[in-house]
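Got a predicted structure here, sequence first:
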Amino acid sequence: MKKLLKMAAVMLAIYGTASVPAMADGNKISEVFSYDMIGVDIAYLENLIGPARKTDQHTQTKTYLVDHCPLDVQTRDGAVDILRVTIGGKCQFVLNDILPSYENISTRDVVFGLSGPVTYYADCFGINCGNAYDPSVYELYEGSHAENWRELLLSSVNASYEAVSRWSNIMEANEGVDWMMDNRFNCTPNKYSDVAEQSLKGQPVDRIMIGYNLEQKAGLKWGCEEVNPMSNASPVTHSSTQTEAPNIPFQLVANVSDDYQYIGSKVLSGQLLYEPNEMDGYRFEFRVDPYDQGVLPEKATMTTYVLDGVTVENAGHYFGIKTDLTDPKFESKLCALTGPVTLQIVGITLSIPPEAHWYANMNFTRVLSSGPFRMGCEEQ
């Protein structure tokens with residue numbers, strides 16, 4: 001009996017109690033960077049590679065260091081949803097059944113120019129990228145039913161200037177500067193896919209992402225929602241039938257020190273602005289068209305007013321804005337959204353201290369028309 005107990009203790013010491021397989025050093029990243037890991041519990045993955053070095057709660061992304069390779073794992077409901085590895089330098093390994101047409105290939109040999117149906121995207125081009133931003137170009141492969149719809153996204157910040165310029169110059173020559181500044185190339189990526197393929201073929205890759213529905217999850221078409229105008233939108237009824245708005249001059253109803261409050265009813269046209277402000281941050285502002293400023297009270301000499309009650313959560317309801325303004329990339333890339341609106345304004349509040357920052361707000365009850373909206377980013 002004692003011999004049996006001793007033998008059991010030895011076996012336990014050798015094999016341990018873990019239910020996950022052991023991995024040899026240097027092979028962990030090859031084993032875990034696999035489609036087989038998509039959908040597994042994050043706890044199972046961490047039994048293999050250890051705890052995360054940092055966690056982004058907003059994007060539900062955990063970052064690990066595996067065999068000198070930075071590995072980003074986006075999770076959903078406690079399971080692995082997307083895997084992304086940054087390659088180069090000491091991070092080199094063999095990809096097992098990741099690239100189409102290659103059962104095994106070293107990351108050193110991975111370049112743009114996958115065989116099969118691919119689509120190309122870019123963060124930005126030229127001066128629109130800003131001085132402090134390292135933009136990426138992307139190649140998305142979407143697998144067939146036979147490949148279980150697996151998707152692969154290659155990206156690079158190191159593609160040559162000449163290669164990227166060949167792509168962008170042709171698009172700008174055909175579409176114009178505004179089209180490029182508004183990132184419309186990502187909204188219709190197939191239009192110049194052949195040009196992108198010829199320009200980027202053989203360019204180095206520094207990040208590889210695997211998963212499913214990557215176009216949406218990686219935000220490759222982010223901002224493309226603002227394409228069509230939404231007219232006759234109402235914050236209350238969203239009805240296309242609008243009754244005539246009352247035309248009532250603004251009257252002063254309260255004046256305390258340097259604060260003034262007016263009520264009335266006027267239909268005003270102008271521009272809706274949602275853009276970064278050094279002093280006040282992001283807020284929804286209404287810039288009144290010059291020909292409508294004459295109906296404002298005498299003390300309302302400013303041209304731009306904060307719209308009371310509008311938030312990133314309800315802006316889509318009021319104005320038909322389709323872009324997700326709560327996405328952290330909107331602020332991190334210093335994006336701005338603008339577009340024409342016509343509002344029924346029923347109240348104006350002014351705070352005009354003689355030696356301090358003034359505030360001007362407007363209340364509205366209806367949106368008579370809105371859009372189309374345009375979005376641009378400084379990409380810093």
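The structure has been received and is ready for your questions. Numbering: from 1, shown residues only.

can you give me the helices for the stretch 151-300 of the chain?
Taking DSSP state H, counting those that start in this stretch as the criterion, the stretch 151-300 of the chain carries its helices at 161-175, 177-181, 193-200, 214-217.

Could you pull out the buried residues of the third one?
Using 16 or more other CB atoms under 10 Å as the test for burial, helix 193-200 gives 195-197, 199-200. All C-beta atoms are positioned from the backbone trio N, CA, C, and that covers glycine.

okay, those in JSON lines with distance to residue 98 next?
Shown next, in JSON lines, are the buried residues of helix 193-200 (distance: CB to CB, whole Å):
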{"residue": "195", "distance to residue 98": "26"}
{"residue": "196", "distance to residue 98": "22"}
{"residue": "197", "distance to residue 98": "20"}
{"residue": "199", "distance to residue 98": "24"}
{"residue": "200", "distance to residue 98": "19"}
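
Looking at these, spot the one nearest residue 179.
residue 195 (14.5 Å; CB to CB).

List the single closest residue to the closest one in space, sequence neighbours excluded.
Closest residue to residue 195 apart from its sequence neighbours, by CB to CB, 6 or more residues apart in numbering: residue 170 at 5.2 Å.

Go through the helices of the stretch 151-300 of the chain and pick out the most buried.
helix 193-200 (a mean of 19; mean count of other CB atoms under 10 Å).

distance between that one and the chain's centre?
24 Å (CA atoms, centre = their mean, to the nearest Å).

Report all helices and strands that it contacts.
strand 118-122, helix 161-175 (3 or more CB pairs under 8 Å, 6 or more residues apart in numbering; DSSP states H and E).

need the contact list for the closest residue to residue 264 other than its chain neighbours.
In space, not counting the residues next to it along the chain, residue 264 is nearest to residue 250; the distance is 3.6 Å by CB to CB, 6+ apart. With contact taken as CB atoms under 8 Å, 6 or more residues apart in numbering, residue 250 is in contact with 262-264, 266, 295-297, 300, 348.

what phi and what psi does the backbone show at residue 107?
Phi and psi for residue 107, reported as degrees, to the nearest 10, are phi -60, psi -20.

how near is the closest residue to it other than its chain neighbours to residue 370?
With CB to CB, 6+ apart as the criterion, residue 107 has its nearest non-adjacent residue at 4.4 Å, and that residue is residue 87. Look at residue 87 and residue 370: by CB to CB, to the nearest Å, they are 45 Å apart.

now residue 202
Taking CB to CB, one finds residue 202 at 46 Å from residue 370.

Out of these two, name the residue with the larger neighbour count.
Set residue 202 next to residue 370 and count neighbours by other CB atoms under 10 Å: residue 370 wins out with 23 against 10.

what pLDDT does the more buried one get?
We have a pLDDT of 91 for residue 370.

Is it bridged to anything, and to what?
The partner list for residue 370 in beta bridges (DSSP bridges) reads residue 230, residue 341.

All the helices of the stretch 1-150 of the chain, residue numbers only.
2-15, 28-32, 42-49.

Restricting to C-alpha, output the second one in PDB.
Backbone C-alpha positions of helix 28-32 (Å, rounded to 0.1, in the frame of the first residue of the first chain) are rendered in PDB as follows:
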ATOM      1  CA  LYS A  28       3.200  29.000 -27.100                       C
ATOM      2  CA  ILE A  29       2.400  31.800 -29.500                       C
ATOM      3  CA  SER A  30       2.100  29.400 -32.400                       C
ATOM      4  CA  GLU A  31      -0.300  27.200 -30.500                       C
ATOM      5  CA  VAL A  32      -2.500  29.900 -29.100                       C
END
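
buried ones in it?
Buried residues in helix 28-32 (16+ other CB under 10 Å): 28-32.

now stretch 300-312
Those would be 300, 303, 305-307, 310, 312, for stretch 300-312 by 16+ other CB under 10 Å.

repeat for stretch 69-76
Buried residues in stretch 69-76 (16+ other CB under 10 Å): 69-75.
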